[in-house]
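In: Below are the sequence and a predicted model for it; my questions follow.
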Amino acid sequence: MGRFLVMDVVFYGSSLNYDQGSGNYQELKKITRWDGRQYTLVSRYALRYSMLNDSGVFGKDELAPGEVFTKDEKSKGDVFNPKPDLLFSGEILKYPEFDLFGYLVTKSEPTQSRTAPVRISHAVSMTPFYYDSHFNGNHWIAQRALKAGLTTKLEPNLFTIEEHYSYYIYTVVVDVDNVGRFSVFTTKIDDVKTVLDNLKAGGENAKKVEEYKGLIENDGKSKKKGENESKGNTPTTGLVLNSKDGKIGIGNVHLEELRIIPILDPTSNKREVKVSLYEIQFDLGEEARKERVLKLVKAVLNLKRKIKGRVEFLAPKLLILGIYKDKPYDSFKDRIQLLGEFEEEEYVEVEEKDGKVIKKVKRVTTGENDTEEYVEEIVESNSEGSSEKTVRVRRKRSVSRKRTAVFEINGANGNIKQVGSKESLTCYIEKLLFNESKKCGGDDKDDTIPEILIFKDPSVEVRLE
C-alpha cells in the first residue's frame, strides 16, 4: 500500500479568496453545506499557490519560469502546458511544482500527464458567513487630484468588499512513494536518444548507456540497408541504471534509478517484433523524496497568503498529522468540531426568605462540572413546630461566550501523541517515514511510535473524545 502522510489543518484567517464579483462589489468565494448555511471557501488552487509562492520555503529557482511553458493554440483562453522538451531533457525534474502537483503536456505524442502525489482539499470556514462587508473608496487620492486640477469634481471610485474572519479547515494527502518518481512515454526513438544524450553516468552505468546507444545506432544502420524493417522501433530490450553501479544523473539532477522499457505491440509475433512505445521511468531517490516531502510540510507549517495589499499568516492553530505505512490512510477532517460558542455559563441564584431577596452569582464551566437548571422549594419548620416558613430558591441561567476556541476531536483513539513544536512534527516524519534514527527533542520521552501526531497553538484548546 505504500506510505502516506495526511495533514488535517485548522488555521485562522480573514477574507482569503475572492470570486469574480460584479461591478463595484467584491465577493468572497462561498459554498453551502449540509446545514443550509453558507461558508466561505479558499480553493485548493489558492492554497497551492500560496504554498509555492508565499510560504518562503520554496526558492525562486524551484518555480518553473515562463520560458518552460507553451500556449495551447486550440484553447479559447490562455491555456499553458510545459514544453515536451522538458520531459526528455530532464529539466522537469528540477521543479517541485510538477513533481508534487502533477502536469499535463498536450503537445507530445502521446499526451503526457502526471497524477499529483499531493492532493489538497478546499479550505472551508468553520463558522457561517453572515455577509459582513465594508464600504471603500479612494477618497484621499481623489481629494489630491482635485487640488491639483486633474478633475473639477470629487468623484472617488467607490466599492464594497465582503469580509469574513474565521477558522478554516483543509486536508493535505501525500503519496510519499510517488514523490520524485514518475514516467514519461514516447513513440519516437529520437526522444529516447535525447534522454541518453543528456544522461551523465559513471562506472557500470556508463558502459550500459554506451551499449544501449550502440543498439540504437546499429538499428538505424540496418534500416538504411533495408534489413529488419519488420522490427519497427528497436531495440526491444530495456535499459536499467542504478546508482549502486555508478553515478547517474540527467541535466543537473541526481538520479537513483532510471529505466527505459520498450512496450511491445501485442500484434507482434516471432517474425515481426514491434515496439508500440517506450516508457522512461525516473526515480530521484529516497534522499530527494525526503527533502521534497519535508519542504511541503514546512510550507504548510509556515503558510502565508498575500492578498489585496496584506499578508495573512495561516500557520496551523491545530494540525493532526497521520503517518501510515502499508495500511489504509484516514482523515480527521470531518471529526473536528469547533466548540467555544457557548462554553461558559453564568447562573444567577435568587433566594427569597420572609420577603427578603438575596442574589448570588455563580459561574460554572461546562464539561465534567456541568450544572443543570432547576427550581426547588424548601419548607422549614420553626423550633416550636407551631408554624412553617417557606424558602424558595430560583436559579436563572444566562450564557456568555468563551474567549478561547475549543476544538473537539471525535474518534481520536489509538496510538496518539501530542507534540509541542513544529520542529518535533518534522522530526517524527523523518523518523517514522524515512527510518531516521533520531530523538525528537523533549517530546521523545518514551519509545512508543505514534501513528497520529497532534500539534496545537497555545491560543486554542483541544479535547479528545
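Out: That came in fine, so what should we check first? Numbers count the residues shown, from 1 in each chain.

In: what residue is smack in the middle of this protein?
Out: residue 172 (3.7 Å; Cα atoms, centre = their mean).

In: and the host helix or strand of that one, what's its mean pLDDT?
Out: Taking DSSP states H and E as the definition, residue 172 sits inside strand 165-175. Regarding strand 165-175, the rounded mean pLDDT is 97.

In: May I have the strands that pair with it, each with its orientation?
Out: Here strand 165-175 is paired, per DSSP bridges, with strand 3-14 (antiparallel), strand 118-120 (antiparallel), strand 123-125 (antiparallel).

In: quick one, which of the ones you listed is nearest to residue 417?
Out: Comparison of the strands paired with strand 165-175 against residue 417 by Cβ to Cβ identifies strand 3-14 as nearest, at 15.2 Å. Glycine gets a C-beta too; all of them are placed from N, C-alpha and C.

In: What is the subsequent helix or strand relative to that closest one?
Out: Following strand 3-14 toward the C-terminus (DSSP H and E): strand 25-26.

In: contacts for that following strand?
Out: With Cβ atoms under 8 Å, 6 or more residues apart in numbering as the test, strand 25-26 has contacts from 18, 159, 160, 161, 162.

In: Nearest to residue 326 among the strands paired with strand 165-175 would be which one?
Out: strand 3-14 (7.7 Å).

In: before we move on, back to that, pull the distance from the strand holding residue 172 to the chain's centre.
Out: Here strand 165-175 is found 7 Å from its chain centre; the criterion is Cα atoms, centre = their mean, to the nearest Å.

In: on that earlier part again, look up the residues forming beta bridges with the residue nearest to the centre of the chain.
Out: Residue 172 forms beta bridges with residue 7, residue 120, as assigned by DSSP bridges.

In: I'd assumed residue 7 was in contact with it.
Out: Yes - Residue 172 lies in contact with residue 7 (Cβ atoms under 8 Å); the separation is 4.4 Å.

In: which residues do these two both contact?
Out: Shared contacts of residue 172 and residue 7 (Cβ under 8 Å, 6+ apart): residue 300.

In: so where's the stretch 351-465 of the chain uncertain?
Out: Where the stretch 351-465 of the chain drops to pLDDT under 70, the residues are 351-402, 441-449.

In: Neighbours of residue 458, how many?
Out: By other Cβ atoms under 10 Å, the residues close to residue 458 number 8.

In: hang on, it in a helix?
Out: No - Residue 458 is assigned coil when assessed by DSSP: H, G, I helix; E, B strand; the rest coil, not a helix.

In: Give me the phi and psi for it.
Out: Main-chain dihedrals, residue 458, degrees, to the nearest 10: phi -60, psi -20.

In: Save the strands paired with strand 165-175 as TSV, and put in mean pLDDT, distance to residue 450 and mean neighbour count too.
Out: Shown next, in TSV, are the strands paired with strand 165-175 (pLDDT from 0 to 100; distance: least, Cβ to Cβ, whole Å; neighbours: other Cβ atoms under 10 Å):
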stretch	mean pLDDT	distance to residue 450	mean neighbour count
strand 3-14	96	13	22
strand 118-120	97	22	21
strand 123-125	97	25	22
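
In: Among the ones you listed, which comes closest to residue 45?
Out: Among the strands paired with strand 165-175, strand 118-120 sits nearest to residue 45 (Cβ to Cβ), with 8.7 Å.

In: Could you point out the longest helix of this structure?
Out: Identified as the longest helix of the chain according to DSSP state H is helix 204-224.

In: So what touches the very next helix or strand once past that one?
Out: Downstream of helix 204-224, the first helix or strand assigned by DSSP H and E is strand 239-242. Residues outside strand 239-242 that contact it (Cβ under 8 Å, 6+ apart): 199, 201, 205, 208-209, 212, 248, 255-260.

In: go again using 6 Å as the cut-off
Out: 205, 212, 248, 257, 258, 259, 260 (Cβ atoms under 6 Å, 6 or more residues apart in numbering).

In: For the fifth one, give me its contacts.
Out: Residues near residue 258 by Cβ under 6 Å, 6+ apart: residue 241.

In: Can you name the helix or strand that it falls in?
Out: Here residue 258 is assigned to strand 257-264, by DSSP H and E.

In: Just want the angle from that strand to helix 204-224.
Out: Counting by axes from the mean of the first three to the mean of the last three Cα atoms, to 10 degrees, strand 257-264 lies at 30 degrees to helix 204-224.

In: Noted, bye for now.
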